[in-house]
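In: Structure for this input, please:
(one chain, ligands or ions: 1)
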Amino acid sequence: MDKQSVIKSFETHVSAGKAAFFKKYGMDFVMGRRDGAWIYDMDGSKRLFNCHSNGGVFNLGHRNQEIIDTLKSALDELDIGNHHFMSQERTALAEQITDTMPGDLNICIFGVGGGEAVDLALKLACGHTGRSKIISATGGFHGHTGLALTVGDAQYREPFGINTSNMIQVPFNDAGALAQALDPEVAALILETVPSTLGMVMPVEGYLQKVRELCDNNGTLLIMDEVQSGLGRTGKLWAFEHAGITPDMVILGKGLSGGIYPIAATVIREPLDAIFKRDPFIHISTYGGSELGCRVAKKVLQISSEADFLVRIQEAGRKVRAGLDSIQKKYPKFFTGIRQTGLMIGLELRDEYGGPALTKAAYDQDLLMIYANNDTSVSQFLPPLTITDEEINLVMEKLDRAMNAARKLRTALIAKEKSSGILKRLSGNDA
Ligand SMILES: Cc1ncc(COP(=O)(O)O)c(C=O)c1O
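Out: Okay, here's the model as predicted:
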């Protein structure tokens with residue numbers, strides 16, 4: 001099929017809204033070849049350097065050869081496996097993951113995607129504590145699943161005490177607001193270690209330690225969502241390590257897949273598994289922890305936890321920072337600040353039109369950059385963790401030009417936004 005036929009069929013059979021949107025903004029890119037940090041339009045007319053990495057899915061680049069080889073050799077002997085039986089592959093991966101975790105985070109329950117892993121953590125928290133409230137951060141993002149349980153039989157829901165009216169949000173970095181919201185009914189607090197969809201908001205000094213203390217004092221479980229911040233993105237394997245805290249549960253997804261085979265995990269400590277000791281089949285995921293995915297995730301974790309790999313991320317982070325600092329000096333009114341830990345970076349822009357303007361201007365310069373959907377004044381900057389020095393230089397040259405163009409585009413976007421109101425929907429919810 002040629003590109004125009006794909007677009008037409010996509011419009012009919014997949015999403016008319018997306019097709020119309022990308023057409024309107026001159027971004028009618030259809031993914032074809034992909035290689036390392038680059039993705040190519042299917043007709044070969046354009047390529048984009050991936051500065052978003054799907055929120056960490058492509059931490060190791062697109063089609064990483066080691067990951068492909070791992071999956072190919074796994075295919076010679078395995079398939080998805082059986083979710084009821086015990087499994088060598090799930091055991092080996094669980095051992096490897098829990099070896100990297102602090103404290104007694106000793107148990108892994110596998111799923112297919114991040115939302116599913118979050119769902120499990122939340123229902124487990126309610127089931128374990130016998131409480132029904134959950135606190136999260138305003139503007140945080142943990143996925144779009146969760147309704148399945150509410151339309152299922154009570155026997156799978158009631159042991160976990162699920163009550164959807166009990167979800168409370170407090171501002172990130174505000175320990176006072178959290179202290180006020182905590183009461184004896186709060187089962188868990190869930191936080192992204194660095195909230196991505198809110199624009200890479202960095203936890204302020206002492207915040208996460210205070211959060212840990214407040215949760216402990218209230219008997220509330222602390223769930224850290226490391227779906228984007230984990231696997232080396234911040235220069236440590238897990239971002240919560242920077243704060244020296246031990247969560248009660250950790251959520252892993254995206255990058256664990258190596259961009260090749262979907263897999264996610266909810267890592268928990270004893271005795272949070274007590275409910276499964278009583279009824280081991282009360283929670284199942286048919287494809288969760290597929291044995292093929294386990295092999296892939298093992299390889300990902302092996303690469304991501306190597307000391308040299310993590311040191312290189314810190315080095316690359318410093319080099320990127322030097323480049324960003326000099327671009328910022330050129331356009332200080334538009335490019336107003338930098339949020340950064342390792343290669344988890346948010347570019348603060350003049351106002352809420354800045355992010356959409358930069359996404360489009362960057363696209364025109366062959367950079368894939370996505371703004372933060374819950375604060376569109378910030379552009380996310382998440383290049384593959386394998387980015388080389390030469391690639392950093394190239395990206396900075398392109399970003400400089402994009403930043404210059406985005407300043408002007410912003411004015412045009414303001415006018416367009418006034419007439420259509422559609423801009424805020426460019427990035428999807430993981431942006
Ligand atoms: C921090 C975070 N948690 C959870 C999720 C949900 O993951 P999934 O889309 O695999 O369900 C996302 C997705 O973007 C995310 O960014």
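In: can we go C-alpha only for contacts and neighbour counts from here?
Out: Noted.
In: Please enumerate the helices of the stretch 101-250 of the chain.
Out: 114-129, 147-150, 154-157, 175-181, 207-218 (DSSP state H, counting those that start in this stretch).
In: So for the fourth one, what gets flagged as buried?
Out: Within helix 175-181, the residues scored as buried using 16 or more other C-alpha atoms under 10 Å are 175, 178.
In: Residues contacting that helix, please?
Out: Applying C-alpha atoms under 8 Å, 6 or more residues apart in numbering, the contact partners of helix 175-181 are 135, 168, 170, 171, 207, 210, 211, 214.
In: ok, those vs residue 79, which is closest?
Out: Comparing the contacts of helix 175-181 against residue 79 with C-alpha to C-alpha places residue 135 closest, at 38.5 Å.
In: sorry, back to before: list buried residues within the contacts of helix 175-181.
Out: Counted by 16+ other C-alpha under 10 Å, these give 135, 168, 170, 207, 210, 211, 214 as buried.
In: Which strand residues bridge the second one?
Out: Residue 168 has these beta-bridge partners by DSSP bridges: residue 135.
In: check contacts around residue 105.
Out: Counted by C-alpha under 8 Å, 6+ apart, residue 105 has contacts 98, 248, 249, 267, 268, 269, 270.
In: and with 6 Å instead?
Out: 268, 269 (C-alpha atoms under 6 Å, 6 or more residues apart in numbering).
In: Show the pLDDT at it.
Out: For residue 105, the model assigns a pLDDT of 98.
In: how far away is it from residue 278?
Out: As for residue 105, its distance to residue 278 is 20 Å (criterion: C-alpha to C-alpha, to the nearest Å).
In: domain parsing for this structure?
Out: According to automatic domain parsing, the chain comprises the domains 1-42, 67-304.
In: Please see if the last one touches the ligand.
Out: Yes: using C-alpha under 6 Å from any ligand atom, we find that domain 67-304 touches the ligand at 113, 114, 115, 141, 142, 143, 192, 225, 227, 228, 254.
In: did I read that right, residue 357 in a helix?
Out: Yes: when DSSP: H, G, I helix; E, B strand; the rest coil is applied, residue 357 is found to be in a helix.
In: Next, the distance between the ends of stretch 73-82.
Out: Counting by C-alpha to C-alpha, the terminal residues of stretch 73-82 are separated by 19 Å.
In: Tell me which residue lies nearest the centroid of this structure.
Out: residue 228 (3.0 Å; C-alpha atoms, centre = their mean).
In: Let me see the contact set for that one.
Out: Contacts for residue 228 (C-alpha under 6 Å, 6+ apart) come out as 55, 56.
In: Tell me how many other residues crowd residue 306.
Out: 12 (other C-alpha atoms under 10 Å).
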